[in-house]
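Enquirer: I'll drop the sequence and a predicted model, then ask my questions.
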Amino acid sequence: MGKCKIGIVGFGTVGTGIYKILRSEFDSHPILNEIEIVKIAVKDVNKKREIAIDNNLLVDNPIELIDDPSIDVIVEVMGGIDIAKDIIMKSLRAGKSVVTANKAVIARYGSEIYEAAAQKGVYVLSEAAVCGGIPIIEPLKRSLKSNHIKKMVGIINGTTNFILSKMTNEKADYMETLKLAQKLGYAEFDPTADVEGHDAADKILILSELAFGGKIERDSIITEGISKINLKDIEYANKLGFEIKLLALAERYPINSDDSLPLNIWVAPSLIPKSHPLATVEGVNNALLIDAAPLGEIMLYGPGAGSGPTAASVVSDILNLHATSIKNNNTLDPLLAFDFWRNCHIIDSSQITKKNYLRIICIDSPGVIGKIGDIFGNYDVSIESIVQLDASEDGAEIVVITHEVSNGNFEKSKEEINALNEVKLIASQLSCI
Ligand code: NAP
Ligand code: HSE
């Protein structure tokens, strides 16, 4: 068997992890020894590196890797969007397969990228782009392919789960914990993508396209992050038997549509009953529940970010590429190479039903809970629980948890409640599962 020669673009958290695996003595499979790093492109070749590296490998221009005829595979682990996309496209046009950890690029330009790869008869593999070290892309492409996927729901951002876990368990400060997540290499270069839910939205889009087979518009995913969650919501949720987690959900939605599959997809901080399997997912770990037929429900769980786990996914993609090109004599494996086969669209959020949590700050006076209950009743919004959890001179805090109700009706009743004279503020609104 010949060598698989790779060029790596990026030598930060993930790039360093890849180098360590390929230069280590891991007892995994002999094929690992057939991967050879030819060059590594970085921004600053003179930067002091965390690990000792053969300096002859470093260059500061990724195009050198693409132009090098000896390199078979480009591994893009530099991050960002525009330059990274350009490198991926140029690599494909040069007839090189690409392995990338870049969910931001795949979520926005997946169709263009898959098409360019197919035209040149090469692959784009991106296992590390979703849930770091957890195998999820490959199972959706191949191992689960005989199933009809109904729903996926999970925790797919490590940084936010790390922050929420520390806020819940240690009452940790939000900003301090975010800084720690950055130091540990979990967060994106701009952590806004993590905390505002955009990273999770990129990932659920990628998973949904693989699971449901159609292109999804990135802008149509309703996305909410964790930056507005405060310790009070966490404390109240806990009192009522829930954990708060940033969830991503994608499901087929049973409404009539002739030529396009209707989907409900969102990212939002959500209350999860403590008995639910996702409630016990702590720290940087991620987990995805997949409900499929005839399989039933499975949960994939493990480290969702960090150098080693993410690099392991990248290296497994490289091994898959190498093994596939040997086996198939350079003809594309139709499952490993991805292509869309139908139209999908995300339905309007007013069409869905869901459970909700609302924290209302109001004047502590008799009859307020009754008025709130009446408004919900008028809109057919059924209440699971309504409790006053705190009262001070600033007002009373009323927490409402609804049953699964029409989102459109819930929003209308919320507006009416907000207009009550006794209501000072709707302090927070969260989803529940
Ligand atoms: P990082 O630590 O910030 O490293 C980025 C690397 O890219 C650095 O080595 C940097 O060079 C290099 N670079 C930046 N711009 C460049 C350019 N124009 N040309 C050449 N090299 C350039 O990033 P990371 O955490 O490893 O993440 C990389 C990718 O993996 C991102 O797409 C991220 O979303 C994804 N990912 C990360 C994780 C994780 O846990 N970190 C998990 C899953 C996926 P210098 O070293 O010279 O600055
Ligand atoms: N910033 C991402 C996270 C990295 O925290 O999940 C893994 O994709």
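Expert: Everything's here; your move. Ligands and ions are numbered 1, 2, ... in the order given.

Enquirer: And the strands in the stretch 101-250 of the chain?
Expert: Along the stretch 101-250 of the chain, the segments classed as strands by DSSP state E, counting those that start in this stretch run 124-125, 148-155, 214-215, 222-223, 242-252.

Enquirer: what about the residue of the stretch 251-400 of the chain found nearest ligand 1, how many neighbours?
Expert: In the stretch 251-400 of the chain, the residue that lies nearest ligand 1 is Ala305 (3.4 Å; C-beta to the nearest ligand atom). Placement of C-beta: from N, CA and C, glycine included. If you count neighbours by other C-beta atoms under 10 Å, Ala305 ends up with 28.

Enquirer: Could you double-check that it lies in contact with Gly132?
Expert: Yes. Using C-beta atoms under 8 Å, Ala305 is in contact with Gly132, at 4.6 Å.

Enquirer: which residues are common contacts for these two?
Expert: 158, 286 (C-beta atoms under 8 Å, 6 or more residues apart in numbering).

Enquirer: Export the strands of the stretch 101-250 of the chain as JSON lines, with columns for mean pLDDT, mean neighbour count and distance to ligand 2.
Expert: Listed next are these as JSON lines, based on pLDDT from 0 to 100; neighbours: other C-beta atoms under 10 Å; distance: least, C-beta to the nearest ligand atom, whole Å:
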{"stretch": "strand 124-125", "mean pLDDT": "97", "mean neighbour count": "26", "distance to ligand 2": "15"}
{"stretch": "strand 148-155", "mean pLDDT": "98", "mean neighbour count": "21", "distance to ligand 2": "9"}
{"stretch": "strand 214-215", "mean pLDDT": "96", "mean neighbour count": "16", "distance to ligand 2": "22"}
{"stretch": "strand 222-223", "mean pLDDT": "96", "mean neighbour count": "17", "distance to ligand 2": "15"}
{"stretch": "strand 242-252", "mean pLDDT": "98", "mean neighbour count": "23", "distance to ligand 2": "10"}
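
Enquirer: Quick one: these as TSV, columns for distance to ligand 1 too.
Expert: Output for the strands of the stretch 101-250 of the chain, formatted as TSV (distance: least, C-beta to the nearest ligand atom, whole Å):
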stretch	distance to ligand 1
strand 124-125	13
strand 148-155	14
strand 214-215	21
strand 222-223	16
strand 242-252	15
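
Enquirer: I'd like those strands as JSON lines, with distance to Ser316 appended.
Expert: Formatted as JSON lines, these follow (distance: least, C-beta to C-beta, whole Å):
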{"stretch": "strand 124-125", "distance to Ser316": "9"}
{"stretch": "strand 148-155", "distance to Ser316": "20"}
{"stretch": "strand 214-215", "distance to Ser316": "26"}
{"stretch": "strand 222-223", "distance to Ser316": "29"}
{"stretch": "strand 242-252", "distance to Ser316": "23"}
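
Enquirer: Which residues are in contact with the residue nearest to the residue of the stretch 251-400 of the chain closest to ligand 1 when sequence neighbours are not counted?
Expert: The spatially closest residue to Ala305, leaving aside those adjacent along the chain, is Gly158, at 3.4 Å (C-beta to C-beta, 6 or more residues apart in numbering). Contacts for Gly158 were tallied using C-beta under 8 Å, 6+ apart; they are 132, 181, 186, 283-286, 303-306.

Enquirer: Which positions in the protein make contact with ligand 2?
Expert: When proximity is defined by C-beta under 6 Å from any ligand atom, the chain lies next to ligand 2 at 132, 157-159, 186-188, 194, 199, 304-305.

Enquirer: if you set the cut-off to 5 Å instead, what comes out?
Expert: 132, 157-159, 186, 188, 194, 304-305 (C-beta under 5 Å from any ligand atom).

Enquirer: who wins for neighbours among those?
Expert: Asn157 (37 neighbours).

Enquirer: picking that back up, nearest to Ile375 among the residues of the chain next to ligand 2?
Expert: Asn157 (34.6 Å; C-beta to C-beta).

Enquirer: any idea how far Ile360 is from the closest one?
Expert: According to C-beta to C-beta, to the nearest Å, Asn157 and Ile360 sit 28 Å apart.

Enquirer: Likewise for Glu127?
Expert: 44 Å.

Enquirer: Confidence-wise, which of the residues of the chain next to ligand 2 comes last?
Expert: Among the residues of the chain next to ligand 2, Glu188 has the lowest pLDDT, at 93.

Enquirer: phi, psi of Asp291?
Expert: phi -110, psi 120 (degrees, to the nearest 10).

Enquirer: Can you report how many residues neighbour it?
Expert: 16.

Enquirer: give me every residue that touches Gln388.
Expert: 364, 369, 396-398.

Enquirer: Which of the residues you listed fall in helices?
Expert: Among these, the members found in helices (DSSP state H) are Ile369.

Enquirer: Just among the contacts of Gln388, which is most surrounded?
Expert: Ile398 (24 neighbours).

Enquirer: Quickly list what that residue is bridged to.
Expert: Beta-bridge partners recorded for Ile398 (DSSP bridges): Ile360, Gln388.

Enquirer: Cheers, nothing more for now.
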